[in-house]
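> output the structure for:
(chains A, B, C and D, ligands or ions: 4)
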Amino acid sequence: MTRMNMIQAINSAMEVMMARDPAVVVLGEDVGYFGGVFRATAGLQKKFGKTRVFDTPITECGIIGVAIGMGAYGLRPVPEIQFADYIYPALDQLASEAARLRYRSAGEFTAPITIRSPFGGGIFGGQTHSQSPEGIFTHVSGIKTVIPSNPYDAKGLLIAAIEDNDPTLFFEPKRIYNGPFDGHYDHPVQPWAKHDGSEVPEEYYRIPLGTAKVVRAGEAVTILAYGTMIHVVSGVVAASGVDAEIIDLRTLIPLDIDTITASVEKTGRCMIVHEATRTSGFGAELAAQVQERCFHSLEAPIERVTGYDTPYPHSLEWAYFPGPVRIGEALKKILKD
Amino acid sequence: MTRMNMIQAINSAMEVMMARDPAVVVLGEDVGYFGGVFRATAGLQKKFGKTRVFDTPITECGIIGVAIGMGAYGLRPVPEIQFADYIYPALDQLASEAARLRYRSAGEFTAPITIRSPFGGGIFGGQTHSQSPEGIFTHVSGIKTVIPSNPYDAKGLLIAAIEDNDPTLFFEPKRIYNGPFDGHYDHPVQPWAKHDGSEVPEEYYRIPLGTAKVVRAGEAVTILAYGTMIHVVSGVVAASGVDAEIIDLRTLIPLDIDTITASVEKTGRCMIVHEATRTSGFGAELAAQVQERCFHSLEAPIERVTGYDTPYPHSLEWAYFPGPVRIGEALKKILKD
Amino acid sequence: MPVDRPNANLRPLSLHVPEPKFRPGDTVDFSDLAVPPAGAAPRPASDAAPDSFRDLAYGLVRVLGEDNRAVGAWDPKLSPDRLRAMLRAMALTRAFDERMYRAQRQGKTSFYMKSTGEEAVAVAAAFALLPDDMCFPSYRQQGLLIARDWSLVDMMNQIYSNRADRLHGKQLPIMYSVREKSFFSISGNLATQYPQAVGWAMASAARGDTRIAATWCGEGSTAEGDFHSACTFASVYRAPVILNVVNNQWAISSFSGFAGAEATTFAARAVGYGIAGLRIDGNDALAVYAATEWAAERARTNQGPTLIEHFTYRAEGHSTSDDPSQYRSAHEAAEWPLGDPIKRLKDHLIALGEWDEERQAAMDLELAETVKAAAREAEKNGVLGHGLHQPLETMFEEVFEDMPWHLAEQRQEMLDEAKAAGLEIGR
Amino acid sequence: MPVDRPNANLRPLSLHVPEPKFRPGDTVDFSDLAVPPAGAAPRPASDAAPDSFRDLAYGLVRVLGEDNRAVGAWDPKLSPDRLRAMLRAMALTRAFDERMYRAQRQGKTSFYMKSTGEEAVAVAAAFALLPDDMCFPSYRQQGLLIARDWSLVDMMNQIYSNRADRLHGKQLPIMYSVREKSFFSISGNLATQYPQAVGWAMASAARGDTRIAATWCGEGSTAEGDFHSACTFASVYRAPVILNVVNNQWAISSFSGFAGAEATTFAARAVGYGIAGLRIDGNDALAVYAATEWAAERARTNQGPTLIEHFTYRAEGHSTSDDPSQYRSAHEAAEWPLGDPIKRLKDHLIALGEWDEERQAAMDLELAETVKAAAREAEKNGVLGHGLHQPLETMFEEVFEDMPWHLAEQRQEMLDEAKAAGLEIGR
Ligand SMILES: Cc1ncc(C[n+]2csc(CCOP(=O)(O)OP(=O)(O)O)c2C)c(N)n1
Ligand SMILES: Cc1ncc(C[n+]2csc(CCOP(=O)(O)OP(=O)(O)O)c2C)c(N)n1
Ligand SMILES: [Mg+2]
Ligand SMILES: [Mg+2]
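Ligands and ions are numbered 1, 2, ... in the order given. I've put the predicted structure just below:
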């Protein structure tokens, strides 16, 4: 065990997997010599060589297309998309190709690739360095979506994703790369070292995809969240004294529905928090499923606290970000209802 | 008034708008001399010339990128994407550019473009000629999504979309181009001429975006649908004798929420039908909103009848398609609940 | 500050929109299409630098001359047996296309696409490649599978989406996937296979393997972004891959001008990336063979990628959904100055004294019978629409390696509903 | 059937991964970079066919020689006044960059990007274009706005996302949009502006207008699919557009080899599409002016697009988020064989006897003051993070032309929540 921040944990996952499996290769814009604009791949090229860790031309559709071909050959590529905002040019290769390859070839060819990409706001990145596009991918059958909220999970989930034989999107909440964030942007940043989730084994371990984690047990209301929002929600819950049950989804597809329904059946209330724009975000799917499955337990409408249906505005970042005020107000409301 | 099928009505909308407004131009793969693989643009090049109606290179990102530039110049482009399945290469230009341009330039530049694209299955088109990707676009703020279910609406809505100063996706349910379809694939196809919705004025008229239509008033349950599914649902309701209220959404964004909530408050039950895959489809958003707004009126969980979370399988097309059997069973279930 | 020249005196701009030479009803005259004589193009050493032979991107490598003789540096000097084998595979491809086209018209399947007039492009390439070189084809290279001796019945099962379909009815007809013949799953989305082929080739090179990759797309598809990313990656990493552009003049109803053919050749794209480019007579099986062999040699010796433009003609409709008489002159195919690839190879063998019209006729008859027998065999497994050949629940399989709960749940829903409605319910 | 050659005897493949010449700590030696003498390149007539001057894509058009004289066919023969105006705009651009970089370091904004070393690329182009020619820039052409005499205070307001920001705080700093200067809204997504510029130019041509378009992207960005679709459309419709590739050798930490520079030039991409291509010394303001003027003339006379590769060097970090000492030798900028564009133009004016070091120093001082004064002015409207400068509800405006109910509802929710929590609430 050692203390790691998110970046170190992610780096460690790749290093462990590259050492275990010669088929694992890492590619993307600036990931080679430089080690990535967020340093997630630092040191890997030096250790594993240029044919296993390399920079690519700046073409996201090319990066994914090439990774699919490498996967078909028998490699296990881990491409990086520099910001999730730049994943759209790759959508066709992801949705029409990676996600469909096993199906359309009845299993003859597969795309065992793990696409890493930093996502989310809170870093004054403006509209093209802040987006949370995960909802789009949850609508594409054949692809898995994973989002960790702390270093320990990040490493265990990334290893599981790399070992998975299906294409997996691994979105990294960049706001918490260096430390958990409770949404009080005017407070000093806490380093990961002070947080439980930063105790990370140096060696191999995996957290199975499709398992959520109850971050805090409670009776009053179930809060579903993932990534950065786990910390914001935890802060609000701690401050408010509400006995909320907080569930960190960790993987959106496949979803750990049993943990969710068991909780909502117990609490009778459900709130969903994500940073992505509201309409047709993954919160919609969660709300739809929870009301389908827990209808008779629900005592109040399921609440969604999300990013607004606008692009991410640069100067009003903190008004856009679903922060403690909004979550706190929503919590009051759902308990009153 | 004259009788038109969907293709004729869509063609007529473009013809009317091109005659009224010299800024309207039509572009896309095969839309020029040939008039489109579904003949939707037939005759337009002959009438308006090659600089207003023309074929393009086969690059969807290029088609939309170029249309955005034309829009910035002052034209009002109506690009066609040959099948909705092929819209993904254009996603970046649509989501990051067309949808954001007004916002990021604070109104200095806009993208007054209408993207027409045939979508949906039921024609044995296999996985790449059958998809319903509308849900993805409803998650992108800054873009409108319109889906007609009959010739009259198709023309009126397409004219409104072309006149709209924001980017609008106009998805055409290709299964009903030539006639309404009740889901009984083994029955002979009915031509549009026998259907009310095929009485179409030859001249200009518009149906405002954002208004749904109650296709059948009823008290027992509210059914939300659009496109082809309107006809399948209507068939099932007629056959079952259930007093359902059927609402044709017509535009997904902006959504006509008032019509929906008024209905659900009356019936206490809500069923949503679409062909797109279930998870994170637009049905999820509808379910989320309906339970948020009509929680205390709901007597049963909101039901979704949708395509399954798989690619569209070629030979099992009719098992995938949400047909009369599935809708009928779901209807029984929601009334029992 | 920029100068403030008045633009009042500037002349108005105008937009150029390409237009093909001939439309329905027009007489066809291809006489201004420059066709260089066979044997004229030089054949650079396989380790020559791409910028030392840029001219080849603008010429037309041809081996078979007007006199049906093979001439020049590109003559691959194949044995009569090999030539006959190639001729046979091309003829079989055509016979297969004929039969399957008819099957679609008879309602036995939903869709078919012929490769008529372009058989040399796929067949001769397959002959020049090693059997385990990996192919990433478009939908018009059925000739690869046929040249690699793949089972016709198996191909037909896929076309019929029947019980024995190796793709379990999941794919549109002709979108084959045959891993054991190193034939990649065909996509419906144009050009996506291009970067995939490059990635496969990069992986092979990274692992010190000896296998190379080859990919094909139509001239219309070269406009897609995937084409560009593939060429860029291939150039940057010197990937051992052959990038084939099948310029059959048409992309559904759009002539090649809409992909850029008025401005330059498609082989010239290679020049743009600094990679080796060849423009060849795609109706000349020997030119296709020789070019592929040369490109393969380059790839195998770490000289990197080669882009080959196969100049050919789509002699029939785009697919069974298309009616080309709506947009082009019916005379084009017959007037095509580069002739028919099967006839040209046949005439070559005859000129060599290794073949004759009688044997050709006998072979055609035999192949028609072969195909007919295969179709009968395949039809025993069913044809599309006559019964659901795959158990319903297969729909949910192979979305993921292991079925997640939500698909299992949807599967159960479906089975329950089918049962409730009294429908046949799968396994 | 394909031949069954055993591949046992084939040699293993290997993957080539590009590597820049120099890394941190390395001594820099650019002596094997071929720099042709100034004045050597021929200047084709502006209506010459692109394939008649393909060589220009592989050379380097240069006007300013070692002796600081303008020479050769490409000398645009500008008056000393115009030269001084250009020099001034370039120096102002650099002064602006310096100040704003510092402002970011002082925490007054979140982000900044300099164009140091590349000022000629944007400034000289702006001088050669007409004021209403439409520009579709990347994020590194602030020189266009400065050369078009746009308000520095306005630019700074945008950088500070302050009260007076014309973009209402919605965009990342430097992502300007200035319609009245025919300067298109800058995107954060690389190369998307390329097809947009082509579309604008096509529209201008279709309407018989006289205005042309110009667009810019970095050499790294040429790999994007948008670059390809733009070139394809430009070629097919002969769009009146100038496609500028700013080859400043680096794309963040990746050297130009990852965009294909080891295999050929970026100007060669033009050859691939059969469009006019020029490779020019981007640090030579006169070469940039002359090339732009020539390309504009082609565009205005319906000769179609021109792609210009500006060979230059990114002398500073990619952005304020970047530290180039991590991946390249610190000596590269100083050793860059094509020098500094401002110094070169200054030396030219001095050689002409139209300028001197004293005047230069005085001008630099004056421009620093100008910029400082502008910054003070802009800061009166606030800087980022010190107060919310835009009313909260502006966030919901301009998503659509008319605000749909769901945004109005979200706006109300936000205001209610803010009020409940006792926060300042907008207008
Ligand atoms: C991404 C995408 N866009 C559009 C289509 C529709 N489409 C199918 S084939 C075709 C024409 C392709 O022409 P070409 O590349 O020349 O190949 P050919 O059919 O001539 O072999 C088009 C536009 C598609 N399948 N995929
Ligand atoms: C689609 C997309 N992918 C990736 C990025 C991240 N990114 C921003 S700038 C940059 C490098 C661009 O280099 P180049 O095109 O050479 O321009 P330069 O910065 O040198 O002017 C990258 C990779 C982006 N902004 N957009
Ligand atoms: Mg073609
Ligand atoms: Mg650069």
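> could you count how many residues lie near residue 43?
Let's take chain A. If you count neighbours by other CB atoms under 10 Å in any protein chain shown, A:G43 ends up with 13. (C-beta placed from N, C-alpha, C; glycine too.)
> chain C, not that one
Per other CB under 10 Å, the neighbour tally for C:R43 reads 17.
> show me where chain C dips below the pLDDT cut-off.
Along chain C, segments meeting pLDDT under 70 span C:1-8, C:387-388, C:424-427.
> quick check: A:M14 is in a helix.
Yes. Counting by DSSP: H, G, I helix; E, B strand; the rest coil, one finds A:M14 located in a helix.
> what's around it, how many residues?
Around A:M14 there are 26 residues (other CB under 10 Å).
> now do the same contact list for it.
A:V24, A:V26, A:A40, A:T41, A:L44, A:V78, A:L158, A:I162 (CB atoms under 8 Å, 6 or more residues apart in numbering or on different chains).
> mind listing the helices for the chain?
As the question left the chain open, I've gone with chain A. For chain A, the helices defined by DSSP state H cover A:6-20, A:44-48, A:60-73, A:91, A:101-104, A:134-138, A:151-163, A:228-240, A:257-267, A:282-294, A:317-320, A:324-336.
> other chain: chain C
C:80-105, C:119-128, C:142-147, C:152-160, C:193-206, C:225-237, C:268-273, C:285-300, C:332-335, C:341-351, C:357-379, C:405-420.
> next, the angle helix C:357-379 makes with the fourth one.
When axes from the mean of the first three to the mean of the last three CA atoms, to 10 degrees is applied, the directions of helix C:152-160 and helix C:357-379 differ by 60 degrees.
> what do you get for the last one?
Relative orientation of helix C:405-420 with respect to helix C:357-379: 80 degrees, computed using the same axes, to 10 degrees.
> what's next to helix C:405-420, contact-wise?
Here helix C:405-420 has contacts from A:254-255, A:257, B:278-279, B:308-310, B:319, B:325-326, B:329, C:392-393, C:395-396, C:399-400, C:403, C:424-426, using CB under 8 Å, 6+ apart.
> quick one: the biggest strand by length in chain A to chain centroid distance?
In chain A, with assignment by DSSP state E, the single longest strand is strand A:270-277. Computed by CA atoms, centre = their mean, to the nearest Å, the chain-centroid distance of strand A:270-277 equals 13 Å.
> what about it, near chain D?
No. Strand A:270-277 stays clear of chain D (CB under 8 Å from any CB of the partner chain), getting no nearer than 9.8 Å.
> sheet partners, orientation included, of that strand?
The strands that strand A:270-277 pairs with in its sheet are strand A:221-225 (parallel), strand A:303-307 (parallel) (by DSSP bridges).
> does A:D248 touch A:I147 like I think?
No. Taking CB atoms under 8 Å as the definition, A:D248 is not a contact partner of A:I147, at 9.0 Å.
> common neighbours of those two, please.
Common contact partners of A:D248 and A:I147 (CB under 8 Å, 6+ apart): A:Y226.
> picking up where we left off before, okay if I get the helices of chain A as a markdown table plus distance to C:S182 and mean pLDDT?
As requested, the helices of chain A are exported to a markdown table (distance: least, CB to CB, whole Å; pLDDT from 0 to 100):
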| stretch | distance to C:S182 | mean pLDDT |
| --- | --- | --- |
| helix A:6-20 | 28 | 98 |
| helix A:44-48 | 28 | 98 |
| helix A:60-73 | 11 | 98 |
| helix A:91 | 28 | 98 |
| helix A:101-104 | 16 | 98 |
| helix A:134-138 | 31 | 98 |
| helix A:151-163 | 26 | 98 |
| helix A:228-240 | 46 | 98 |
| helix A:257-267 | 41 | 98 |
| helix A:282-294 | 40 | 98 |
| helix A:317-320 | 51 | 93 |
| helix A:324-336 | 55 | 95 |
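> tell me the most buried of those helices?
Of all the helices of chain A, helix A:60-73 has the most neighbours on average by mean count of other CB atoms under 10 Å in any protein chain shown, namely a mean of 30.
> read off the pLDDT value for whichever residue of the stretch 51-200 of chain A sits closest to ligand 2.
Proximity of the stretch 51-200 of chain A to ligand 2 (CB to the nearest ligand atom) peaks at A:Y86, 3.7 Å away. Looking at A:Y86, its pLDDT is 98.
> which residue, other than its chain neighbours, is closest to it?
Among residues not flanking A:Y86 along the chain, A:E60 sits closest, at 5.7 Å (CB to CB, 6 or more residues apart in numbering or on different chains).
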